[in-house]
Structures are given as structure tokens and as C-alpha cells.
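Novice: Test case, fold it:
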Amino acid sequence: MTQPDVTVVIGAYEAMPYLVECLASVEAQTLDHARIEVIAVDDGSTDGTGECLEQFAARTDMPVTVIRQDNSGGPSGPRNVGLDKAAGRYVFFLDADDRLGPEALERMVAMADRNGTDVVLGRVEGINRKPPQSMWGRTLERTDVWSSNIKFTLSAQKLFRRELLNRHSMRFDESLWTGEDALFTMEAYLRADGVSLIDDYTCYYLVGREDGKHVTKSGSYTLRFDSARALMTLISDMLPPGPRRDMLMVRPFVVTLLPQFGPKYLRDSEKVRRHKFELAKPLLDAYWTDEVAHRLRVEERLRMHAVAEQRPELLLELLEFRRAKKEPEALLEKRGRRVYFAYPHFRDTAAGVPDALYLAEPREARAVPGYREGGLDSFVRRAVRKARRTLPSRSRDVRPAAAA
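Specialist: Numbering: from 1, shown residues only. Here you go, the predicted model:
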């Protein structure tokens with residue numbers, strides 16, 4: 001039997017009626033069906049999901065294996081079962097709620113084969129859900145986690161070279177109830193020999209369920225801290241301290257931790273507020289650095305600083321300022337080359353918050369009228385001009401060559 005190009009792993013739990021369109025999108029693939037293998041795992045559903053999968057397997061012309069098992073409690077178990085049985089050169093993890101664009105697998109396999117890349121991201125469009133946006137803009141034949149914004153899309157719905165996963169014994173962490181895909185995908189990015197992005201074709205449709213049953217939306221706040229801790233630990237285990245590690249640490253801070261200290265914090269009980277500060281403390285002690293701080297927007301940076309310093313009163317003032325829809329005054333200094341956003345306690349000596357935390361980075365400062373970018377460039381140009389004035393003129397020392 002010829003090895004399939006791609007194994008589509010579908011983990012399904014209580015997936016009706018969304019599963020019907022999901023399977024139809026697999027059947028509609030333009031890639032030769034003989035080159036596709038489907039492994040579908042029914043994770044203890046009671047709504048007809050298992051029966052739907054078996055009916056699909058009986059009628060379709062592509063090889064389909066259906067596995068029915070007791071409920072495992074999360075998406076990791078079914079994905080690992082499917083991955084263990086996969087035979088394809090590549091693996092694609094398809095959620096049973098979602099669906100593929102007709103040319104998705106054909107385009108992604110061709111992209112990986114053409115460039116020798118280990119991970120391929122296909123453009124995602126949301127249906128009643130908002131997908132990540134910052135990594136899109138153009139097709140990239142070959143990139144990596146340092147040269148693009150792919151760290152902000154860590155869902156599992158990507159094409160992975162199976163040899164990479166097996167070489168490093170990569171599997172989904174079944175102890176995590178949320179964020180397990182972030183851990184898996186970040187490790188793949190870091191181990192991959194190149195990543196490709198397809199921007200000019202929608203490969204994946206991320207569907208928002210009307211019943212709201214998304215794993216990423218469910219669970220208590222403690223699970224979010226578990227997820228952040230796991231991802232931060234992975235990054236720190238795989239990278240030494242320094243700018244590269246800090247660049248990736250931005251992701252768990254912004255995506256996972258910051259929302260716990262946003263508007264929902266104002267609705268938390270005092271007991272939950274204290275517990276969140278306790279859970280965050282070891283993470284900020286270990287991973288909150290100046291480099292991470294200055295990759296965040298000013299308001300985000302100030303909130304994380306309040307948590308890092310274990311000062312809930314500062315956090316509450318920032319959140320109340322935000323809830324009142326106030327805008328901080330923008331103060332331009334150094335002839336417009338520095339912009340400070342005067343959030344609460346700016347230059348309040350009693351509060352003791354460093355000025356540097358209020359200083360806008362260029363990407364945020366550009367929106368302020370009067371801001372003059374390029375302070376460093378201007379400094380370099382002045383230094384060059386000064387050096388030219390002090391160096392002797394080459395024209396006085398070098399004679400023209402004699403004519404031949």
C-alpha cells in the first residue's frame with residue numbers, strides 16, 4: 001500500500017451537527033483521495049457523533065479508520081490516539097466543529113514538499129469566531145518563529161511533518177485541560193526546519209458553535225495559569241535566558257495571563273483576586289524581564305508590573321481608569337522623540353512606578369501627533385558627521401594614478 005501524503009486526525013466529542021459539514025469538507029478535498037487517510041476518534045459522544053463517523057467511513061472513497069473510546073476529558077487524548085495510528089507523511093489535526101477549504105490539503109502538502117518545511121499554516125477564516133490576525137499579510141514560503149508573528153497562533157490546526165513529531169516523541173499533554181495545543185505547536189515551531197504560511201487561500205474555517213462549547217472558553221481561571229506555566233516552562237527549557245526567550249515569553253503573558261488581570265478581575269471576588277496574584281507570582285518572578293515588558297503596550301506593561309510587584313491597588317486603579325474609558329495624556333519630550341502615556345501614578349513619587357514603564361515604544365508612539373521617530377538614527381548620523389570632520393581628507397593624501 002502506498003504511503004498517504006497526509007493523515008487527517010479528527011477528535012470528536014458531542015460534535016453534531018457540525019461534524020456533518022466537517023466531514024463534507026474532507027470529502028471535498030482536491031488532493032487525490034488515495035493520498036489522504038482519515039483517523040477519526042469518537043471520545044465517548046452520546047449525540048450520534050460515533051454513528052455519523054461510521055456512516056462516513058462506509059460511504060467515502062478515502063481510507064477512514066473510526067475509533068470509539070470512553071470520554072478522555074479533553075482534546076489531547078483523541079489527538080494522541082490518532083497520531084499513534086497515523087501513516088501519512090504529514091498530519092493535520094482537524095477539529096470536528098470546523099472545516100477545510102477544498103484545496104487546503106493539496107496546497108499545504110505542496111508547500112511543505114516544495115520548501116522542505118516541517119510545519120505549514122494555512123490562512124484561517126472565522127465563522128462566528130475571531131481567529132488570530134497578526135501573522136497574516138503575505139504568503140511565506142519559509143520562515144520561523146523569530147521572523148514572523150506565528151507565536152500568536154498556537155492552535156493545533158496545522159500541517160505537521162510526522163517524521164518531526166516522531167523523532168522528538170512529540171505528543172499532546174493530556175494533563176492539561178486547556179492550552180495543550182499551544183505547548184505542542186510551540187515545540188514544533190522551535191524544532192522545525194522551517195515553517196510556511198499560505199496567505200492567499202483560506203485553508204481553514206474556524207466555526208463558533210452556537211452552544212458556546214469551545215474548550216478554549218471553558219474551565220476555571222486556575223486552568224489558565226496551568227496553561228501559562230506549562231508554556232513558559234517549555235520555552236525556558238528549550239531556550240537559554242536572553243532576547244529570544246523573552247520574545248516568545250510575550251505570548252503567554254499577553255494571551256494567557258493579561259486577560260486574568262483585565263476587566264474580569266473587577267468582577268472577581270476578593271478571594272479569587274488574592275488567589276490570582278498568588279498563582280501569578282512565581283511566573284513573574286521567573287520570567288518577567290525588562291525585555292518582555294517593553295514588548296507590551298504601555299497599559300499592558302503597567303498591569304503586569306502591578307502584578308509582578310504584588311500591588312493590587314495599582315492594578316485596580318488602572319482597571320478603573322480603563323473602565324471609565326479615559327485616555328491617558330500623551331507627553332512628548334526630547335524634542336518629540338519620546339512619548340509618555342500618563343496613566344495613573346505617572347511621576348507620582350509616592351507610588352514609585354518607574355518612568356520607563358510609561359514610555360511608549362515606536363509602534364505605539366507613532367499614533368501621537370508630533371512624535372519624531374528615529375532618535376537613534378539621528379544620533380548615529382550626528383556621530384558619523386562628527387567623525388568625518390575630525391578625519392583627515394583622503395583627497396590631500398592620495399594622488400591620482402598616472403594615465404596609462
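Novice: Endpoints of stretch 347-367, how far apart?
Specialist: 22 Å (Cα to Cα, to the nearest Å).
Novice: So what touches it?
Specialist: Here stretch 347-367 makes contact (Cβ atoms under 8 Å, 6 or more residues apart in numbering) with 293-295, 297-298, 301-302, 305, 314, 330, 338-343, 345-346, 368, 371, 373. Just so you know, the C-beta spots here come from the backbone N, C-alpha and C atoms, and that holds for glycine as well.
Novice: swap in stretch 235-248?
Specialist: 145-146, 151, 186-187, 190, 249, 252, 286-287, 289, 291-292, 295.
Novice: among the residues you listed, who's most crowded?
Specialist: residue 252 (28 neighbours; other Cβ atoms under 10 Å).
Novice: Pop out the phi and psi values for that residue.
Specialist: phi -60, psi -30 (degrees, to the nearest 10).
Novice: now do residue 45
Specialist: Per degrees, to the nearest 10, the backbone of residue 45 is at phi -70, psi 150.
Novice: residues in contact with it?
Specialist: Residue 45 touches 12-16, counting by Cβ under 8 Å, 6+ apart.
Novice: Distance of it relative to residue 67?
Specialist: Distance of residue 45 to residue 67, computed by Cβ to Cβ, to the nearest Å: 12 Å.
Novice: Residue 54: what's its closest spatial neighbour, skipping adjacent residues?
Specialist: residue 66 (5.3 Å; Cβ to Cβ, 6 or more residues apart in numbering).
Novice: What is the neighbour count of the one you found?
Specialist: Neighbours of residue 66 (other Cβ under 10 Å): 20.
Novice: what distance separates stretch 335-355 from the centre of its chain?
Specialist: Averaging C-alpha positions (Cα atoms, centre = their mean, to the nearest Å) puts stretch 335-355 31 Å from its chain's average.
Novice: Could you give me the buried positions within it?
Specialist: Using 16 or more other Cβ atoms under 10 Å as the test for burial, stretch 335-355 gives 337-341, 343-346, 353.
Novice: What of stretch 248-259?
Specialist: 248-258.
Novice: Mind putting those into a markdown table with pLDDT and secondary structure?
Specialist: Below are these laid out as a markdown table (pLDDT from 0 to 100; DSSP: H, G, I helix; E, B strand; the rest coil):
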| residue | pLDDT | secondary structure |
| --- | --- | --- |
| 248 | 96 | helix |
| 249 | 97 | helix |
| 250 | 96 | helix |
| 251 | 95 | helix |
| 252 | 97 | helix |
| 253 | 97 | helix |
| 254 | 96 | helix |
| 255 | 94 | helix |
| 256 | 95 | helix |
| 257 | 96 | helix |
| 258 | 97 | helix |
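Novice: picking that back up, Throw the contacts of stretch 235-248 into TSV and include secondary structure and distance to residue 138, thanks.
Specialist: Converted to TSV, the contacts of stretch 235-248 look like this (DSSP: H, G, I helix; E, B strand; the rest coil; distance: Cβ to Cβ, whole Å):
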residue	secondary structure	distance to residue 138
145	coil	17
146	coil	17
151	helix	17
186	helix	23
187	helix	26
190	helix	23
249	helix	26
252	helix	27
286	helix	36
287	helix	31
289	coil	31
291	helix	27
292	helix	27
295	coil	22
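Novice: quick one: contacts for residue 86?
Specialist: 7, 9, 37, 39, 162.
Novice: tally of neighbours for the second one?
Specialist: Other residues lying near residue 9 total 25 when counted by other Cβ under 10 Å.
Novice: Same check on residue 229?
Specialist: Residues near residue 229, counting by other Cβ under 10 Å: 21.
Novice: Break this protein into its domains for me.
Specialist: 6-214, 220-326, 327-392 (automatic domain parsing).
Novice: most packed of these?
Specialist: Highest mean neighbour count of these: domain 6-214, a mean of 19 (counted as mean count of other Cβ atoms under 10 Å).
Novice: how about the helices of the stretch 101-250 of the chain, start to end?
Specialist: 104-115, 162-167, 180-191, 221-238, 243-251 (DSSP state H, counting those that start in this stretch).
Novice: Any chance of those helices in CSV with distance to residue 29 as columns?
Specialist: As requested, the helices of the stretch 101-250 of the chain are arranged in CSV below (distance: least, Cβ to Cβ, whole Å):
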stretch, distance to residue 29
helix 104-115, 5
helix 162-167, 18
helix 180-191, 22
helix 221-238, 32
helix 243-251, 31
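Novice: Quick check: which of those is nearest to residue 320?
Specialist: Closest approach to residue 320 among the helices of the stretch 101-250 of the chain (Cβ to Cβ): helix 221-238, 20.5 Å.
Novice: what is the orientation angle of that closest one with helix 243-251?
Specialist: 170 degrees (axes from the mean of the first three to the mean of the last three Cα atoms, to 10 degrees).
Novice: Now do helix 221-238, average pLDDT.
Specialist: For helix 221-238, mean pLDDT rounds to 96.
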